[in-house]
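Colleague: here is the input, now give the coordinates:
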Amino acid sequence: MLHLAVTADTLIAADLRLRPRPTRTPGPYRRLLSRPGTRIFTIGNLIARLPMGMFGVSAVMMIADARGSYALAGAVTATGLAATALVAPWTARLIDRHGQARIAAPATLLAVLGGLALLLCVRYDAPDWTLFAAYAATATCPNIGGLSRARWNHLLKGDPDALHTANSFEQAADELCFMLGPVLAAFLCGTLFPEAGTLAGGALLLTGMAVFLAQRSTEPPPSPPAASGSSPLRAPGMPPLLLACLAMGVVFGAMEVVTLAFADAQGHRSAAGVVLGLQATGSCIAGLVYGALKPGGPAARRYPWSIAAMTALMGLPLLAAQLTGSLLVLAAALLVAGMATAPTMITGMSLIQERTPEGRLNEGMTLAVTGLLAGISGGSALGGWAAEHLSETAGYGIPVTAAATALLITLAARHATRDTHR
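Modeller: Predicted structure coming up:
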């Protein structure tokens with residue numbers, strides 16, 4: 001009897017060893033980055049994208065230290081932003097037509113040379129007009145996030161769930177780099193020497209782009225003019241999306257300046273960067289979570305709801321500033337408010353990809369980024385005016401109003417589309 005029991009136990013143990021163990025399903029981000037070549041181009045993309053949050057702060061600190069004028073520094077960076085708005089879509093169009101490696105490499109080199117020219121002009125006390133000319137040359141820098149999104153769109157055609165995850169990852173990367181970039185720039189310029197941020201940013205940009213562009217197997221094929229669709233500006237549904245991007249840029253620009261003014265008024269100017277970093281942190285976390293989920297319904301249906309949530313949550317910093325006047329409470333409100341940003345931007349970029357004509361994807365996404373940059377510039381000006389002429393607290397009404405404007409634009413466009421199809 002004992003022998004039979006031992007034999008049965010042995011057979012059960014053998015059966016358990018032979019039985020295939022259940023395999024753990026990899027997460028969506030691990031599946032995304034398991035595709036050949038994607039990890040390397042993602043590493044290069046992240047290295048090249050980090051300086052995008054460094055250059056503006058580095059230029060302001062470098063010019064203000066040498067010339068003693070924040071007004072001049074702000075005017076120079078604003079000129080660079082305006083030049084980018086004009087040049088970036090043209091650069092993106094060339095990339096779509098001739099390929100990423102062929103156009104992005106010389107365009108990046110020219111942008112870095114522009115940054116070095118600015119450094120030399122500041123260093124050797126050149127006339128003020130040379131600063132504007134040198135910084136305008138940096139406008140040729142390609143939209144790195146657009147290059148990466150174009151690769152994902154090329155690799156993931158026919159797999160909308162994976163593309164949603166890729167767009168979420170890219171948005172989280174944007175938030176992370178624009179959160180870390182200014183901090184790194186301020187640290188380098190303040191700890192080492194004023195030109196350190198510009199030099200480090202140029203080195204990172206060249207290194208990252210070299211790694212990114214070397215991955216030719218994942219590069220989308222060029223689309224000659226004959227094979228390209230019409231201009232993205234004339235594509236159905238694109239103008240309202242770009243106007244919404246402009247309004248959301250106002251949200252980000254105004255929030256940044258008003259928060260800086262609020263922290264300064266509270267006597268905690270040095271903490272402003274950390275407080276703003278919490279907003280980017282909330283957006284980064286929300287973007288990664290949103291990308292791991294399978295969205296329900298088409299992006300066009302989700303987009304108004306995303307903007308509505310963003311509008312509601314942007315009211316939290318206004319309430320925190322008005323009711324408490326506490327920087328700590330404001331920081332918590334910004335953390336929560338930031339959680340609506342990434343899902344809204346991810347859904348908007350998905351719509352941009354859907355509506356951009358074939359062969360013009362990089363141009364379409366660059367137009368969206370250009371709209372955001374223009375909105376950020378205008379929002380910064382509005383936020384500064386409100387903080388100076390009204391109050392720091394009243395300035396928090398601008399992001400709420402801008403988000404509500406984006407919602408109205410989206411709802412009006414959706415209503416017009418329904419009327420057209422009737």
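
Colleague: please make it C-alpha for all contacts and neighbour counts, starting now.
Modeller: OK.

Colleague: for Thr42, give its distance to Thr218.
Modeller: According to CA to CA, to the nearest Å, Thr42 stands 11 Å off from Thr218.

Colleague: so Gly114 makes contact with Phe132?
Modeller: No: using CA atoms under 8 Å, Gly114 makes no contact with Phe132, being 10.3 Å away.

Colleague: what is the neighbour count of Gly296?
Modeller: Residues near Gly296, counting by other CA atoms under 10 Å, number 8.

Colleague: sorry, slip of the keys, the one I care about is Gly267.
Modeller: The local packing of Gly267 (other CA under 10 Å) involves 11 other residues.

Colleague: so what's the backbone phi/psi at it?
Modeller: When read as degrees, to the nearest 10, the backbone of Gly267 gives phi 80, psi 20.

Colleague: longest helix of this structure?
Modeller: Longest helix in the chain by number of residues (criterion: DSSP state H): helix 160-191.

Colleague: list the buried residues for it?
Modeller: 161-190 (16 or more other CA atoms under 10 Å).

Colleague: residues in contact with the closest residue to Ala172 other than its chain neighbours?
Modeller: Nearest residue to Ala172, sequence neighbours excluded (CA to CA, 6 or more residues apart in numbering): Cys284, at 4.5 Å. Going by CA atoms under 8 Å, 6 or more residues apart in numbering, Cys284 touches Gln171, Ala172, Ala173, Glu175, Leu176, Met339, Ala342.

Colleague: what helix or strand is Cys284 on?
Modeller: Taking DSSP states H and E as the criterion, Cys284 maps to helix 272-292.

Colleague: could you identify the helix or strand that succeeds that helix?
Modeller: Next along from helix 272-292, by DSSP H and E: helix 299-313.

Colleague: export that following helix as CSV, just CAs?
Modeller: C-alpha atoms of helix 299-313 as CSV (Å, rounded to 0.1, in the frame of the first residue of the first chain):
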residue,chain,number,x,y,z
ALA,A,299,-10.6,59.2,-30.9
ALA,A,300,-13.0,61.7,-32.4
ARG,A,301,-15.6,60.7,-29.8
ARG,A,302,-13.1,60.7,-26.9
TYR,A,303,-11.4,64.0,-27.7
PRO,A,304,-14.2,66.4,-26.4
TRP,A,305,-14.5,64.4,-23.2
SER,A,306,-10.7,64.7,-22.7
ILE,A,307,-10.7,68.4,-23.2
ALA,A,308,-13.8,68.8,-20.9
ALA,A,309,-11.9,66.9,-18.1
MET,A,310,-8.8,69.1,-18.7
THR,A,311,-11.0,72.2,-18.5
ALA,A,312,-12.5,71.1,-15.2
LEU,A,313,-9.2,70.1,-13.6
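
Colleague: how far does it sit from the chain's center?
Modeller: Remark: helix 299-313 is offset 18 Å from the chain centroid, using CA atoms, centre = their mean, to the nearest Å.

Colleague: same question for the next helix or strand after it, mean pLDDT?
Modeller: Counting by DSSP H and E, the next helix or strand C-terminal to helix 299-313 is helix 315-323. In this model, helix 315-323 carries a mean pLDDT of 89.

Colleague: and Ile40, what does it touch?
Modeller: For Ile40, the contacting residues are Val211, Phe212, Gln215, by CA under 8 Å, 6+ apart.

Colleague: from these, which land in helices?
Modeller: Residues of those located in helices (DSSP H): Val211, Phe212.

Colleague: just put the contacts of Ile40 in CSV and tack on neighbour count.
Modeller: Shown next, in CSV, are the contacts of Ile40 (neighbours: other CA atoms under 10 Å):
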residue, neighbour count
Val211, 17
Phe212, 29
Gln215, 16
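
Colleague: what's the closest of the contacts of Ile40 to Gly145?
Modeller: Compare each of the contacts of Ile40 with Gly145 using CA to CA and the shortest gap goes to Phe212, at 11.5 Å.

Colleague: the closest one and Met54: what is the separation?
Modeller: From Phe212 to Met54 the distance is 19 Å (CA to CA).

Colleague: residues contacting Ile376?
Modeller: Counted by CA under 8 Å, 6+ apart, Ile376 has contacts Leu246, Gly249, Val250, Val251, Phe252, Gly253, Ala254.

Colleague: quick one: secondary structure of the fourth one?
Modeller: Pointing back at Val251 there. Secondary structure for Val251, judged by DSSP: H, G, I helix; E, B strand; the rest coil, is helix.

Colleague: list the contacts of it.
Modeller: Gly375, Ile376, Gly379, Ile398, Pro399, Val400, Ala402, Ala403.

Colleague: cool, the first one as well?
Modeller: Contacts were defined as CA under 8 Å, 6+ apart; by that measure Leu246 touches Gly371, Leu372, Leu373, Ala374, Gly375, Ile376.

Colleague: if anything else comes up later, I'll come back, but that's it for now.
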